[in-house]
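Generate coordinates for the sequence data below:
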Amino acid sequence: PHSKDVQTPQSVNEETVDGAVYSVTRRQVQLQQAANKGQLWLGVGADVVGTRCETVRTRCLKVGRLDQIVHHLVEALDSGDCSYVSAFLATHRAFTTTRQALAILLDRLEYLKKEEERGSDGCSGKDWDRLRISADSVFSTWLDQYPEDFWQLEQDGLERLVRYIKEESGGSNLQRRAEEILEQHRQLASSDGQTLLNSAGSECLPMEGDPTERSAPMDILTFMADTTAAQLTMIDAELFMRVVPHHCLGSIWSQRDKKGKGHLAPTVRATVHQFNKLTNCVIASCLCNLQLRPQQRARILEKWVLVAEECRALKNFSSLYAIISGLQSNPVHRLKRTWEEMPREVLRRYEELSEIFSEKNNYSQSRELLIKEGTSKYPTLDKKHLKKPKDHKLAAVVQGTVPYLGTFLTDLVMLDTAVKDYVEDGLINFDKRRKEFEIIARIKLLQKACRNYSFEREPEFLHWFHSLDTLSEDESYRLSCELEPLEIASPQLKARPTLVITPCDDSAPLPSPGLMSGGQVTWEGPASPTLESGCVPEMAGAKDNSLWPINALLSKASWHPKFPSISSLDSAGIEPSPACPPSPCGLSPPSAHVKGHRRSASCGASYASPSAASSPRTDCRIIRIALDQANGNVYKSILVTSQDKTPAVVGKALEKHNQDPNVAGTYELVQILLEDKEFTFPYNANVFYAMASGSIDFLLRRKRHPSPRPKSEHGSPFPKIRSKGLKIAKSLF
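Next comes the predicted model:
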């Protein structure tokens, strides 16, 4: 008979056994029983012939000793803990080794086998058959999905596993798979020991194309935007599918910069390398040719915006973010003359793409978009921006999704920092591993979706991309200053332009001086030799009341004689969005120039978003701290609570950077603010309440003269008064 679940009331409690704590859920399930074939012959039809109630019990392990966690592998399915085996196999490297876990599991199975042979009540023949089938399922999943775990085992441990499988499941596919792994292990032992381990970590596709085939150097303008996006997506998809998901765990990825750990997570490093290479490609293509005029250089910026749009259509968020990062980099961002030559419509589309990766609410927009489009066949673009495919082949291509891997890495590192590995009595916190597995499972799902991509290689583009020179930060900034010297592009220059005022019979009322001085409403006039861009207009009307009122609808001809097809008035300047206040004077290239483009907050604005300023604070926050040394660009994440003072935070950070926390008194804590500003915390300050909400980047800097430690160890200048106050509070509450 068929059944249907129509009601699921449940109760949850905890069950504690020796060395483990389980969460036990009991659900009352009401089942509706449909008619069977015999009843159908009697004319009952599809009517319900009865109902019955059942209690479904689920037993999930929360914390436990290592042996209890390993033993639960063969009990999980019967307990209703369906995701336990997958979560363990994906995360066990954070608290044990494959050798240790495999030895514990085989010891347990061999013990139960002896109990069954003796006819003990602890394990009957029926119980052993059930446990043996569960164990075979665990080994099959382990060998198929994580074969690299067995490549690094000692040969005797792997031979022990093969012997067990041969005895209990002889002639099965599991035995053949185990023997294949053993043979690969023997080949690995006889070789240099790195062939199989490094095969999954190749960093990039091979360079293709012959440099002698072309007579003149190429640039990004040589290639069509859709071709460029397709080739970048092909590279990113292949690298992303090679990523080993458990390499993204915070306990593994956070160790990558330590001595002797350079071999960790090679597949993740390859993806990061490709992201940085594309960002450098954008910067180099915009800066390397010093002979271009601003109008010509603007065509290169426009081409990259078009490529970014094509990447968005292909759901390649990795290349999309890399291109946006390159355009937002300081050497490109400061080229004001070049940005002034960009068409207004292209700038608007660039702002929309930049908003996808806005830091607002912990990148909430990009996260929501990835959840929405992760496994969908086509991108969910707005209808007015949705481009029609040039041919029927495009529809067959747009099926996969390449995420920005940094989002998952950040989440896993933050999770590893915020949640403890062990709880009371030294028990392993497996609930933390379940949360990590939820993120890893999303990575695996996206990897499967990437298999649907299908592209043809373009050797000419691949050769150009891989042979492009790599510029350092200093070289990029030097080239940028050669193109536009500091006296032109520096944000410190604040000239005062004239305000364009035109007579009109049906004019709008004159804005108040206070509104104008606040930067909420601006007008922009035609270029002239006496007008410098990047400035705040002066309220000329305040000096002369005989001037005509300002006309809100200025003539296109008087504004843009050079570009008559471009709208002459920036609508964002008349009705500014409350979510994007105007940029400060001269901060971004298009902040105040002929075409009136206003850069978004995600493109380098120095103010904090209103939502970030008004969001309520919690009692803890995760920050990033770097050491002011040669490796100062290496950030470590730590958790700051509302009780942490400066010495405690400095001690935590030093411990994260593998330094001695006892020398915390020789360091000072500095918060990196916007506009190259910084704030140094006093010795005994409460870091949680003193920090600015707009930045999570901090720096540890050695003091020139270490400050003496105050005599009070209570964090208060009046310890006796504080102690007395605490006693009074306890008596009252």
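
Where does pLDDT dip in the chain?
Along the chain, the model assigns pLDDT under 70 to residues 1-9, 31-50, 121-122, 191-218, 374-398, 487-618, 629-633, 705-733.

and the lengthiest strand in it, what other elements does it pack with?
Criterion DSSP state E: the longest strand present in the chain is strand 48-64. Strand 48-64 sits against strand 20-34, helix 76-79, strand 428-429, helix 430-450, with contacts defined as 3 or more CB pairs under 8 Å, 6 or more residues apart in numbering; DSSP states H and E. For the C-beta atoms, the positions are set from N, CA and C on the backbone; glycine is no exception.

Show the subsequent helix or strand relative to it.
Using DSSP states H and E, the next helix or strand after strand 48-64 towards the C-terminus is helix 66-71.

one step back: give me whichever of the helices and strands packed on strand 48-64 is most buried.
Counting by mean count of other CB atoms under 10 Å, strand 428-429 has the highest mean neighbour count of the helices and strands packed on strand 48-64, with a mean of 20.

So what touches it?
With contact meaning CB atoms under 8 Å, 6 or more residues apart in numbering, strand 428-429 is reached by 62-66, 69, 95, 419-423.

and if we set it to 7 Å?
Strand 428-429 is contacted by residues 63-64, 66, 69, 95, 419-423 when judged by CB atoms under 7 Å, 6 or more residues apart in numbering.

ok, which stretches of the stretch 401-550 of the chain are helices?
405-418, 430-450, 459-467, 473-483, 486-489, 513-517 (DSSP state H, counting those that start in this stretch).

Please give the number of neighbouring residues around residue 334.
Number of residues near residue 334 (other CB atoms under 10 Å) recorded here: 23.

mind starting the numbering at 32 from now?
Sounds good: first residue 32 from here, last item residue 365.

which two in the contacts of strand 459-460 are spaced the farthest apart?
97 and 450 (18.2 Å; CB to CB).

is it true that residue 677 touches residue 716?
Yes - distance between residue 677 and residue 716: 5.3 Å, which falls inside the contact criterion (CB atoms under 7 Å).

In stretch 83-98, which of the residues would be classed as buried?
89-95, 97 (16 or more other CB atoms under 10 Å).

Relative to residue 320, which of the helices of the stretch 432-581 of the chain is closest?
Set against residue 320 and scored by CB to CB, these come closest in helix 504-514, at 9.6 Å.

other SSEs contacting the closest one?
helix 297-318, helix 361-364 (3 or more CB pairs under 7 Å, 6 or more residues apart in numbering; DSSP states H and E).

Dump those helices to CSV, plus mean neighbour count.
Putting these into CSV (neighbours: other CB atoms under 10 Å) gives the following:
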stretch, mean neighbour count
helix 297-318, 21
helix 361-364, 19
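
right, and the ones you listed - which one's nearest residue 104?
Between the helices and strands packed on helix 504-514, helix 297-318 lies closest to residue 104; by CB to CB that is 26.1 Å.

sorry, back to before: export the helices and strands packed on helix 504-514 to JSON lines and tack on distance to residue 85?
Supplementary listing: the helices and strands packed on helix 504-514 in JSON lines, determined by distance: least, CB to CB, whole Å:
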{"stretch": "helix 297-318", "distance to residue 85": "45"}
{"stretch": "helix 361-364", "distance to residue 85": "64"}
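
Please identify which of those is closest to residue 272.
It's helix 297-318; of the helices and strands packed on helix 504-514, that one is closest to residue 272 (CB to CB) at 9.6 Å.

Please find the angle between the direction vectors of the closest one and helix 504-514.
Angle of helix 297-318 versus helix 504-514, following axes from the mean of the first three to the mean of the last three CA atoms, to 10 degrees, is 20 degrees.

which SS state does the nearest residue in space to residue 489 that is not next to it in sequence fall under?
The shortest distance from residue 489 to any non-neighbouring residue, by CB to CB, 6 or more residues apart in numbering, is to residue 262 (5.4 Å). Assigned by DSSP: H, G, I helix; E, B strand; the rest coil, the conformation of residue 262 is helix.
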